[in-house]
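[1] I would like the atomic coordinates for the input below:
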Amino acid sequence: MSTGHTFLAVYLGSMSGEKMKAWHARPEAERKAMEREGMAAWHRWVEKHKDVIVEMGGPLGKTRRIDANGITEVSNALTGFTVVRAASQEEAARLFENHPHFAIFPGEAIEIMPVLPVPQI
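    Below you'll find the predicted structure:
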């Protein structure tokens with residue numbers, strides 16, 4: 001496998017989406033059991049892919065947007081990130097098939113994008 005291709009995986013979810021509504025509708029004991037199952041599955045995923053994980057990343061908190069008008073609090077679907085190394089974007093994407101983020105937890109999806117080199121001037 002090439003060691004030169006780095007990919008950013010962003011975890012997406014919605015606090016008001018159907019998956020989250022269904023998650024919160026479960027009895028607390030069931031949710032807690034699923035959280036334990038999900039975290040164990042997530043740790044197994046990390047262990048299985050530790051050789052290609054460049055940056056474990058983690059959950060993301062509240063978002064501040066900075067633009068020409070100043071700083072504002074905004075909402076988006078980004079819930080976390082991980083950086084991996086793979087020979088291709090397809091190979092990187094396959095690492096996340098059936099990931100606990102959406103297979104157990106109420107996450108919506110994971111998007112994979114290449115981290116491109118900074119252009120030289």
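
[2] Tell me where the protein has strands.
    6-12, 53-59, 63-67, 70-74, 78-85, 109-114 (DSSP state E).

[3] gap between M15 and A68?
    28 Å (Cβ to Cβ, to the nearest Å). Backbone N, C-alpha and C define where each C-beta goes, glycine included.

[4] coming back round to it: could you provide the strands of the chain in TSV, with additional columns for distance to A103?
    TSV is the format used below for these (distance: least, Cβ to Cβ, whole Å):
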stretch	distance to A103
strand 6-12	12
strand 53-59	17
strand 63-67	25
strand 70-74	28
strand 78-85	15
strand 109-114	11
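
[5] biggest helix in this protein by residues?
    With secondary structure taken from DSSP state H, the chain has its longest helix at helix 28-49.

[6] what sits up against it?
    Around helix 28-49, the neighbours that count as contacts under Cβ atoms under 8 Å, 6 or more residues apart in numbering are 23-24, 26, 53, 56, 84, 95, 99-101, 103-105.

[7] thinking again about what came up before, between M15 and A68, which one's more packed in?
    M15 (11 against 4; other Cβ atoms under 10 Å).

[8] where does the chain dip in pLDDT?
    Counting by pLDDT under 70, the chain contains low-confidence residues at 1-4.

[9] re the thing from before, which one of the contacts of helix 28-49 is nearest to L78?
    L78 lies nearest to H101 out of the contacts of helix 28-49, by Cβ to Cβ, at 12.2 Å.

[10] if we can go back for a sec, just put the strands of the chain in JSON lines and tack on distance to E30 and mean neighbour count.
    Output for the strands of the chain, formatted as JSON lines (distance: least, Cβ to Cβ, whole Å; neighbours: other Cβ atoms under 10 Å):
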{"stretch": "strand 6-12", "distance to E30": "22", "mean neighbour count": "19"}
{"stretch": "strand 53-59", "distance to E30": "22", "mean neighbour count": "13"}
{"stretch": "strand 63-67", "distance to E30": "30", "mean neighbour count": "9"}
{"stretch": "strand 70-74", "distance to E30": "33", "mean neighbour count": "9"}
{"stretch": "strand 78-85", "distance to E30": "21", "mean neighbour count": "19"}
{"stretch": "strand 109-114", "distance to E30": "24", "mean neighbour count": "15"}
